[in-house]
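> no sequence for this one, just the structure:
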């Protein structure tokens, strides 16, 4: 009597649910949407956090980036020299050398200089960022070449007029041609294109190093030093503006990840001594990564809570219907009890109905929860990421909801007095 | 050895907050042997339903002992009582009490289902019993597609399916017209002749006359007990 097959009970459950198909489907909807919400929200949340983590990772988690910033009080407040306001601030070669010489655990110190210039290929023009780079730039930043080569030591030595262009520059200047070997004009000088960079995910700009639009041109550091002086003169809208910045960025690659944070503090101490105006900013991708992970976790928790609430509501819906079901079928319960069903049999019967409801709802919800984000991803380009645990979790939760919210109605059904139940009309 | 032996069975219902006690049975002694066909009669309120519930292991007496097949069932827990109902008792109700969503054979199978018998054996037995009560043409009909008499036949087949020690019938003809009622009674006679023990509650003298023994209850006590 108590060894009732699970299969038979599930069959009975299906049968009973099929009798009230509309009602069963409506009941199930709560669970369907609950599970779909959990799956979809987790997929979108995971996707978002994965994407931003990848962006930060592309900056290198072993790196420390020091950036020159114009101190706010200095903005155009200096007395004009030769009639042109010139702001002098920022990192210097001496800073880079000091770091290299005095701080332990540094793998590479990589100075970068950048200027904004118009870049021309015949009549096509783009406003690009010219970055003076060293041959090991790629290894340090983790950026990749799309084609051609990067700046070499020979280029450095010869102060060669070569450049490597970003993907946006290629798109704009060479929409139909292969740019390799072609000559472009940067500012007043001509350079030969030797390489094209792979596009970088947008948004990495928040870390300060990589600009969003891939409109960058890399030239040998030595060439830049020879061709553009310390002072960068900009003519914009009829007014002159000059800034004297030796280095825009210093990239410090640390030998191992654990040393990143202590080393950042040392750099801070070191720089503070020579830069009382705080015309620099230290960016630590590792820290950003951790922050993003933390906020992603928070995001997941919040989404999870919202989804859990909808599951809870679904569960309560199921319980409500099952209670109505028990009342409606009181007489049937009485008959079954009189004919020999134990309390356990009745419990199992009603519980399996609830579980069938919630598991079927869970499966449908899973389907919906997978389809919906994929559609969203298809139309908006949003990144979604399904993890096995999120699918299992939401399915498990739906089954658990069925069990938990089924227990009370089933208990009520089982504990009806058979005599009273038989008399029930 | 007697099949059923009631030893000073009493049942008191407690109403409200325990202030009012209503005695339904006050010391019933009764012995029923295998193969008997007994009618239990009495006015409403005489305690015959209570007695039938206790005999059917649906209810427990508040006093006394009840031996069914020499096992004292008065003190068993709910689970054990369910098992006894499942394996040793058959029920026929006034209002048939078929499960509306199940077909004829499925209704007959229910007690076997709770015995945990295989689906195939349940089905074979149910079909055989449906044929025995004359419903071989109606195997897959739902109860609401059957007449009252046919429904009661299904109920009888269901009561028989576990080969019960005794069949307890509660006014089996109460909802039927007299012609159909006679058919049902004829079927019960036939079962009894084949060896089934029958205990039937009725308030109809004509029905009771067909039984070989008539037990009359009054105010929770056996007023008379005689053989026809």
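Alright, I've got the coordinates. This structure is a prediction, so every number in the text was calculated from the model and none was measured.
> Strands along chain B, start to end?
B:4-15, B:20-32, B:37-41, B:63-68, B:71-72, B:89-92, B:166-170, B:197-201, B:213-218, B:221-227 (DSSP state E).
> right, and the ones you listed - which one's nearest chain A?
With C-beta to the nearest C-beta as the measure, strand B:89-92 is the member of the strands of chain B nearest chain A (5.4 Å). C-betas here are computed from N, CA, C, even on glycine.
> Give the buried residues for the closest one.
B:89-92 (16 or more other C-beta atoms under 10 Å in any protein chain shown).
> Ok, stretch A:180-198 next?
Within stretch A:180-198, the residues scored as buried using 16+ other C-beta under 10 Å are A:180, A:184-186, A:191, A:193-197.
> Which residues does the helix or strand harbouring residue A:269 contact?
Assigned by DSSP states H and E, residue A:269 falls within helix A:260-274. For helix A:260-274, contacts defined as C-beta atoms under 8 Å, 6 or more residues apart in numbering or on different chains pick out A:61-64, A:66, A:91, A:94-95, A:98-99, A:102-103, A:105-106, A:252, A:254, A:278, A:280, A:282, A:284, A:286-287.
> Narrow the residues you listed to those that are buried.
Counted by 16+ other C-beta under 10 Å, these give A:61-64, A:66, A:91, A:95, A:98-99, A:103, A:106, A:252, A:254, A:280, A:282, A:284, A:286-287 as buried.
> Inside helices: which ones of these?
A:95, A:98-99, A:286-287 (DSSP state H).
> can I get those in CSV with pLDDT and distance to chain B?
CSV is the format used below for these (pLDDT from 0 to 100; distance: C-beta to the nearest C-beta, whole Å):
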residue, pLDDT, distance to chain B
A:95, 87, 84
A:98, 87, 85
A:99, 87, 80
A:286, 82, 63
A:287, 82, 63
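> Skipping its backbone neighbours, what lies nearest the closest residue to chain A within chain B in space?
Residue nearest to chain A within chain B (C-beta to the nearest C-beta): residue B:86, separated by 2.4 Å. Distance criterion C-beta to C-beta, 6 or more residues apart in numbering or on different chains; nearest residue to residue B:86, sequence neighbours excluded, is residue A:340 at 2.4 Å.
> who's in contact with the one you found?
Per C-beta under 8 Å, 6+ apart, neighbours of residue A:340: A:1, B:82-83, B:85-87, B:89, B:111, B:114-115, B:162.
> same check, this time on residue B:152
Taking C-beta under 8 Å, 6+ apart, one finds B:92, B:96, B:172-173, B:175-176, B:180, B:184 in contact with residue B:152.
> quick one, helices of chain B?
B:48-55, B:78-88, B:104-115, B:119-132, B:148-160, B:178-193, B:205-210.
> swap that for the stretch 251-400 of chain A, sorry
A:260-274, A:285-328, A:330-338, A:343-380, A:388-414 (DSSP state H, counting those that start in this stretch).
> Out of the ones you listed, which gets nearest to residue B:222?
Closest approach to residue B:222 among the helices of the stretch 251-400 of chain A is made by helix A:330-338 (24.6 Å; C-beta to C-beta).
> Around chain A, pick out the residues from chain B.
Within reach of chain A by C-beta under 8 Å from any C-beta of the partner chain, chain B has these residues: B:53, B:56, B:58-59, B:78-79, B:82-83, B:85-87, B:89, B:91, B:93, B:97-101, B:110-111, B:113-116, B:119, B:158, B:162.
> From the contact counts, what lies against the helix or strand hosting residue A:146?
Using DSSP H and E, residue A:146 sits in strand A:145-148. With contacts defined as 3 or more C-beta pairs under 8 Å, 6 or more residues apart in numbering or on different chains; DSSP states H and E, strand A:145-148 has these neighbours: strand A:189-197.
> Report the next helix or strand after the strand it packs on in sequence order.
By DSSP H and E, the next helix or strand past strand A:189-197 is strand A:216-220.
> what is the mean pLDDT for the helix or strand that that next one is followed by?
Later in the chain than strand A:216-220, the nearest helix or strand by DSSP H and E is helix A:221-227. Averaging pLDDT along helix A:221-227 yields 85.
> Helix A:221-227: which residues count as buried?
A:221-224, A:227.
> how about a markdown table for the strands of chain B, with mean pLDDT added?
Formatted as a markdown table, those follow (pLDDT from 0 to 100):
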| stretch | mean pLDDT |
| --- | --- |
| strand B:4-15 | 91 |
| strand B:20-32 | 91 |
| strand B:37-41 | 94 |
| strand B:63-68 | 92 |
| strand B:71-72 | 90 |
| strand B:89-92 | 94 |
| strand B:166-170 | 94 |
| strand B:197-201 | 94 |
| strand B:213-218 | 93 |
| strand B:221-227 | 91 |
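> Counting by contacts, list what the one helix or strand in chain B whose mean pLDDT sits lowest packs against.
Ranked by mean pLDDT, DSSP states H and E, the weakest helix or strand in chain B is helix B:205-210, scoring a mean of 88. Counting contacts by 3+ C-beta pairs under 8 Å, 6+ apart, helix B:205-210 is packed against strand B:37-41, helix B:178-193.
> most neighbours per residue, which of those?
strand B:37-41 (a mean of 24; mean count of other C-beta atoms under 10 Å in any protein chain shown).
> What lies in contact with that one?
B:32, B:48, B:51-52, B:188-189, B:192, B:197-203, B:205, B:207-208, B:210-217.
> Show the buried residues in those.
B:32, B:48, B:51-52, B:188, B:192, B:197-203, B:207-208, B:210-211, B:213-217.
> Is it correct that residue A:156 is in contact with residue A:136?
No - with contact defined as C-beta atoms under 8 Å, residue A:156 does not reach residue A:136; the gap is 10.4 Å.
> Please identify which helix or strand holds residue A:132.
Here residue A:132 is assigned to strand A:124-133, by DSSP H and E.
> can you give me how far that strand is from the chain middle?
28 Å (C-alpha atoms, centre = their mean, to the nearest Å).
> all strands of the stretch 51-200 of chain A, in order?
A:63-68, A:86-88, A:106-121, A:124-133, A:145-148, A:162-165, A:183-186, A:189-197 (DSSP state E, counting those that start in this stretch).
> mind putting these in TSV, mean pLDDT and distance to residue A:23 included?
Shown next, in TSV, are the strands of the stretch 51-200 of chain A (pLDDT from 0 to 100; distance: least, C-beta to C-beta, whole Å):
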stretch	mean pLDDT	distance to residue A:23
strand A:63-68	86	60
strand A:86-88	70	74
strand A:106-121	85	67
strand A:124-133	87	64
strand A:145-148	88	59
strand A:162-165	92	65
strand A:183-186	91	71
strand A:189-197	92	61
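> now those strands as TSV including distance to residue A:40?
As requested, the strands of the stretch 51-200 of chain A are arranged in TSV below (distance: least, C-beta to C-beta, whole Å):
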stretch	distance to residue A:40
strand A:63-68	35
strand A:86-88	50
strand A:106-121	42
strand A:124-133	38
strand A:145-148	34
strand A:162-165	40
strand A:183-186	46
strand A:189-197	35
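> Out of the ones you listed, flag the one nearest residue A:422.
Distance to residue A:422, taken as C-beta to C-beta, is lowest for strand A:63-68 among these, at 78.3 Å.
> The closest one to helix A:260-274, inter-axis angle?
20 degrees (axes from the mean of the first three to the mean of the last three C-alpha atoms, to 10 degrees).
> and strand A:63-68, which strands flank it?
In the sheet, strand A:63-68 lines up against strand A:249-254 (antiparallel), strand A:280-283 (antiparallel) (DSSP bridges).
> Does the residue of chain B closest to chain A touch residue B:114 like I think?
Yes - if you go by C-beta under 8 Å, residue B:86 and residue B:114 touch, sitting 5.0 Å apart.
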